[in-house]
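J.: Provide a 3D model corresponding to the input given below.
(2 chains)
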Amino acid sequence: MTTAIEVTGLVKTFGRTRALDGLDLTVARGEVHGFLGPNGSGKSTTIRILLGLFRADSGTAVLLGGDPWRDAVDLHRRLAYVPGDVTLWRNLSGGEAIDLLGRLRGGLDPARRTELLERFELDPTKKGRAYSKGNRQKVALVAAFASDADLLVLDEPTSGLDPLMEEVFRSCVAEARDRGATVLLSSHILSEVEALCDRVSIIRAGRTVESGTLTELRHLTRTSVEAELVGTPPELPFAHDLVVTGTRLRCQVDAEHLDALLRALTAVGVRGLTSRPPTLEELFLRHYEPVAPEPTAATR
Amino acid sequence: MSAYAATATLHRLALRRDRIALPAWLYAVTAMVLSTAFSFRTLYATEQDRRSFAASIAGNGSLRALYGPVHDASTIGGLTAWRMGVFGAVLAGLMSTLLVVRHTRAEEEDGRLELVAAAAVGRRAPLTAALLAALTADLLLGALVTGGLLAAGQGVAGSVAFGLALAAAGVFFAAVAALAAQLAETGRAANGLAGAALGLAFVLRAIGDGGPHWVSWLSPIGWAEQVRAFGGDRWWVLLLPLAGAAALTAGAYALVARRDLGAGLLPQRPGPAAAAPSLATPAALARRLQRGPLIGWCAGFAAAGAVFGGLAQGAVDLVGQNRQVADLMARLGGRQGVLDSYLAAIVNLLGMVAAVYAVQSVLRLRTEEVSGRAEPVLAGAVSRLRWAAGHLLFPLLGTALLLAVAGAVAGLAEGATAGGLGQALVRLPLAALAQLPAVWLTAAAALAVYGLLPRWTAAGWAVLAVFLLIAWLGPIVRLPGWALDLSPFTHLPHLPGGDVTAAPLLWLTAVAAALATAGLVGLRRRDLG
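T.: Sure, this is the predicted structure:
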């Protein structure tokens, strides 16, 4: 079996709110899958359904070959979860919470626990409520990475970490992938997703709007082009966000118009040219912008 | 005055947040006081009735310890002030304590106060706003009680004095809570400290009213009694709680000015770096979380058992000295009969208080769920039933422990004063344990609400309140039989001394099991978190 998570047509409503509206998500075994979406788009709801905490109204979800609701206990032996907002028991120390969470899913590797505490620079003797947000997150991260889980479900796990700890987190995810684990990483930090993820799903308003490798997604969107020309720039009806200053030109074009653009430019004569694939940020923004009429062709 | 900046806004915020809880409290306390007054009006319609009733209770030391002495037997108002003075003051204190802690330490603990304090808000403003909210609530309570008694045709001076006595007790314990909120680092611990002060005040007053009189002057609840509403109206006594409140508030302000946000005076100690091997199951976690509260409750039950058990023989002696009730005593079955009926009343009271613990320990499930702490546990290889079962051991067996402890200590104390240990030491714990089916049923009702209607979990408390009100006040206000039957506590045998039939105990347990099953089925089927 090659898929770790297979979700189709998932619907979940809370009263009148439709949190998930036919969401699809496929995560292959052994991949790091980025799960992107704005606040309130249904990422955490999806994750709670995958954890068997919420029951979907309709649609199917298969997790590691099992039903997340019915087989919750057995599946949870094979997965580790880090919530975005970690709350700890105030009278338990961080070390106790790590051990408890590890044991509840069937044990953790003591050597790796020690090593991770050191790498994350976490003091395990503090009581739950004495930790800052970032340190509470580290408690959950150490418990998750010290386990031998097949699947790591990480719901915005780095929102409280500093850049140094973010680096430690990235190397931990990479190590988890190297030992064959699958990672579902819900995140807002696009550089993190770009650096770590093999494939990405972008959701909006409870629906998947884009899914694929970053290369595939980039192919679907526009390339930014900047050119220094010999003469006056030509008419480019297919270009978006066109800005012309003298003989300099900046614009974005869809993949299918790239060829036409280059022909038009070389006809005038090119002194310098840079082209850059769209960043994930641009991809993201394009999907998240409120649905408004596309600005027409060139804005001169 | 910059220390008080934004106090008015925060005061309005507190009242807005309590727009449901506060009217509910005011309604419940006022209704209890007034239903007592109205029932006395029908039960003891003439002054002759009232005087003979007062004479029969005057000689009863245990009733005096529980309710205090009667200062005025000639009016309905006087009897109401006797019957509801102590409990009214306790309830006003409890309402004020919970209110102040909810708006101070609990806010600080949850981090919301940080957000508020970062705005243009004075250092003393949050505490002042909470105290003002409590003052508002207490004055409203006093006004409602006064108005109700006036409507029942009672004298103006006595009605006002009684209303003010309750309000002043509330204000005093609001100030106690204000100080406790500075000392403790969590809302729970602050409530515990203030609750302990309230319990101590009740016990001191009980000792004073049962024996050495001066002891009750040490107790703020005793002060509410010493105002002697309808029995002389000693207005100057009202100055005692107010002066006390002022001193405590000054102490709280002094601490606010010295400490850091989020810090208490009791320092945090570091914990172990690794968990003990036993901390590996959801049940072990539940034990760890519920252990502290259970120990506290156990201490309280042991203290209550000691006080009430120790008072038992004295109560019977006083009854024996009173010729007017000798008749009644004979009907109750002589000395042993009076002793038994006193002990049965105490045991029943302990059962009701154990039900409060039971509901609290059931609803810990909801606390864990709402706070998000249940989520990582259930994301482990832990079924919902196993998670819940770990916590539910406490309402199931913790209640048995509480009742057994209270019964055993009461038996020891009673036996020691009677000069023989043997009998009561066995009879009382068994009598106390016989309360369990009703306690379990109350807990199971709370579990059913939690499992089936999680958003309405607070209704678990409402069910408890209804059960207790029916069992406590129902007979006084002469509720019809079917209404009395709604409370599980109505169906318990009167032990020690009464006859035991297995049937009601069995079906109470069966209903409890059915409700608990419904709650657990609901919990398994619903969304969690």
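J.: pLDDT score for the nearest residue to residue B:181 once chain neighbours are set aside?
T.: Spatial nearest neighbour of residue B:181, chain neighbours left out: residue B:105 (3.8 Å); criterion: C-beta to C-beta, 6 or more residues apart in numbering or on different chains. C-beta here means a position set from N, CA and C on the backbone, and glycine is covered the same way. You'll see residue B:105 listed with a pLDDT of 91.
J.: now do residue B:105 against residue A:240, distance only.
T.: Using C-beta to C-beta, to the nearest Å, we find residue B:105 at a distance of 57 Å from residue A:240.
J.: higher neighbour count, those two?
T.: residue B:105 (30 against 18; other C-beta atoms under 10 Å in any protein chain shown).
J.: ok, the more buried one to residue B:126 distance?
T.: 10 Å.
J.: how about residue B:44?
T.: 48 Å.
J.: those two: which has the busier surroundings?
T.: residue B:126 (25 against 18).
J.: what helices or strands is the helix or strand containing residue B:462 leaning on?
T.: Following DSSP states H and E, one finds residue B:462 within helix B:459-473. When contacts are defined as 3 or more C-beta pairs under 8 Å, 6 or more residues apart in numbering or on different chains; DSSP states H and E, helix B:459-473 sits against helix B:21-43, helix B:334-370, helix B:436-452, helix B:481-484.
J.: which stretches in the stretch 201-350 of chain B count as helices?
T.: B:220-226, B:239-258, B:282-321, B:326-332, B:334-370 (DSSP state H, counting those that start in this stretch).
J.: which is the next helix or strand following the last one?
T.: On the C-terminal side of helix B:334-370, the nearest following helix or strand under DSSP H and E is helix B:374-378.
J.: tell me the angle whichever helix or strand comes after that next one makes with helix B:436-452.
T.: Sequence order places helix B:384-393 as the next helix or strand after helix B:374-378, per DSSP H and E. For helix B:384-393 against helix B:436-452, the angle by axes from the mean of the first three to the mean of the last three C-alpha atoms, to 10 degrees is 140 degrees.
J.: where in the chain is pLDDT low?
T.: As the question left the chain open, I've gone with chain A. A:1, A:219-220, A:289-300 (pLDDT under 70).
J.: correction: the question concerned chain B.
T.: Ranges of chain B meeting pLDDT under 70: B:1, B:59-63, B:266-268, B:315, B:317-333, B:420-422.
J.: would you map the helices across the stretch 101-250 of chain A?
T.: Remark: helices assigned in the stretch 101-250 of chain A by DSSP H, counting those that start in this stretch are A:110-119, A:133-145, A:163-178, A:190-196, A:214-219.
J.: which elements pack onto the first one?
T.: Translated: helix A:110-119. Judged by 3+ C-beta pairs under 8 Å, 6+ apart, the packing partners of helix A:110-119 are helix A:94-104, helix A:133-145, helix A:163-178.
J.: so what touches that helix?
T.: Here helix A:110-119 makes contact (C-beta atoms under 8 Å, 6 or more residues apart in numbering or on different chains) with A:98-99, A:102, A:124, A:141-142, A:145-146, A:168, A:172.
J.: for the helix holding residue B:462, output the C-alpha coordinates as PDB.
T.: The C-alpha trace of helix B:459-473 is given here as PDB (Å, rounded to 0.1, in the frame of the first residue of the first chain):
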ATOM      1  CA  ALA B 459     -26.500  21.800  33.600                       C
ATOM      2  CA  GLY B 460     -24.800  19.000  35.600                       C
ATOM      3  CA  TRP B 461     -24.500  21.500  38.400                       C
ATOM      4  CA  ALA B 462     -28.100  22.600  37.900                       C
ATOM      5  CA  VAL B 463     -29.300  19.000  38.300                       C
ATOM      6  CA  LEU B 464     -27.200  18.700  41.600                       C
ATOM      7  CA  ALA B 465     -28.800  22.000  42.800                       C
ATOM      8  CA  VAL B 466     -32.300  20.800  42.100                       C
ATOM      9  CA  PHE B 467     -31.700  17.500  43.900                       C
ATOM     10  CA  LEU B 468     -30.200  19.200  46.900                       C
ATOM     11  CA  LEU B 469     -32.900  21.900  47.100                       C
ATOM     12  CA  ILE B 470     -35.700  19.300  46.900                       C
ATOM     13  CA  ALA B 471     -34.100  17.100  49.600                       C
ATOM     14  CA  TRP B 472     -33.200  20.000  51.800                       C
ATOM     15  CA  LEU B 473     -36.100  22.500  51.500                       C
END
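J.: near residue A:15, how many other residues are there?
T.: Residue A:15 is surrounded by 6 other residues when neighbours are defined as other C-beta under 10 Å.
J.: hang on, I meant residue A:38
T.: Residue A:38: 15 neighbours (other C-beta under 10 Å).
J.: look up phi and psi at it.
T.: phi -70, psi 170 (degrees, to the nearest 10).
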